[in-house]
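In: quick check, what structure comes out for this input:
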Amino acid sequence: MAEMKNKKDSIIVMPNNSNHYNNGNGGGGNMNDKYVTKEYLNAKLETIDTKIDALSKHIDDKFEQIPNVIENSILKEREFQREQQKETRRFFWGTIIIGGISAVAGVASVIVSLILR
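Out: Model (predicted):
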């Protein structure tokens with residue numbers, strides 16, 4: 001009968017589904033470092049699935065927060081622009097008032113100097 005050899009782990013698969021390890025020498029030896037049980041593998045896969053689900057939920061939560069983050073950033077920028085406009089108005093009106101006071105003082109100084117001559 002035909003035999004199929006898997007070169008990776010030296011398992012010979014027979015047509016009647018019987019496995020022979022170590023090139024047909026009957027297996028044996030310490031195989032704990034090469035093979036795992038189905039229960040152990042399923043437990044590890046379950047752990048990995050749980051971690052992937054948690055990571056996926058975390059990523060979904062982060063993506064759901066993006067519109068809020070953008071909206072908050074826009075609101076902060078608008079508030080910053082309002083503060084800048086207030087400062088610009090204060091500077092403008094302060095300059096006008098100081099300039100007006102200076103002009104009045106200059107005119108008053110000229111008038112006083114003309115009168116006292």
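
In: can you tell me the SS state at Y35?
Out: On the three-state scheme (DSSP: H, G, I helix; E, B strand; the rest coil), Y35 is labelled coil.

In: N68 versus that one, what's the distance?
Out: For Y35, the distance to N68 equals 50 Å [CB to CB, to the nearest Å]. In short, each C-beta sits where N, CA and C put it, glycine included.

In: next: E39.
Out: 44 Å.

In: ok, now V110?
Out: 63 Å.

In: kindly report the same for I101.
Out: Counting by CB to CB - I101 and N68 are separated by 49 Å.

In: now swap in K62 and tell me
Out: Counting by CB to CB - K62 and N68 are separated by 11 Å.

In: ok, now I98?
Out: 45 Å.

In: name the element the spatially most central residue of the chain belongs to?
Out: Nearest to the geometric centre of the chain sits K62, at 7.3 Å (CA atoms, centre = their mean). K62 is located in helix 38-115, with elements delineated by DSSP states H and E.

In: starting at the chain centroid, how far to that helix?
Out: 20 Å (CA atoms, centre = their mean, to the nearest Å).

In: pLDDT averaged over it - what is it?
Out: Per-residue pLDDT over helix 38-115 has a mean of 93.

In: that helix - contacts with which helices or strands?
Out: On a contact count with 3 or more CB pairs under 8 Å, 6 or more residues apart in numbering; DSSP states H and E, helix 38-115 meets no helix or strand.

In: and V36, how many neighbours?
Out: If you count neighbours by other CB atoms under 10 Å, V36 ends up with 13.

In: and for the closest residue to it other than its chain neighbours, the neighbour number?
Out: Leaving aside its sequence neighbours, V36 sits nearest to K44 (CB to CB, 6 or more residues apart in numbering; 7.9 Å). As a burial measure, K44 scores 11 neighbours (other CB under 10 Å).

In: no more questions from me, cheers.
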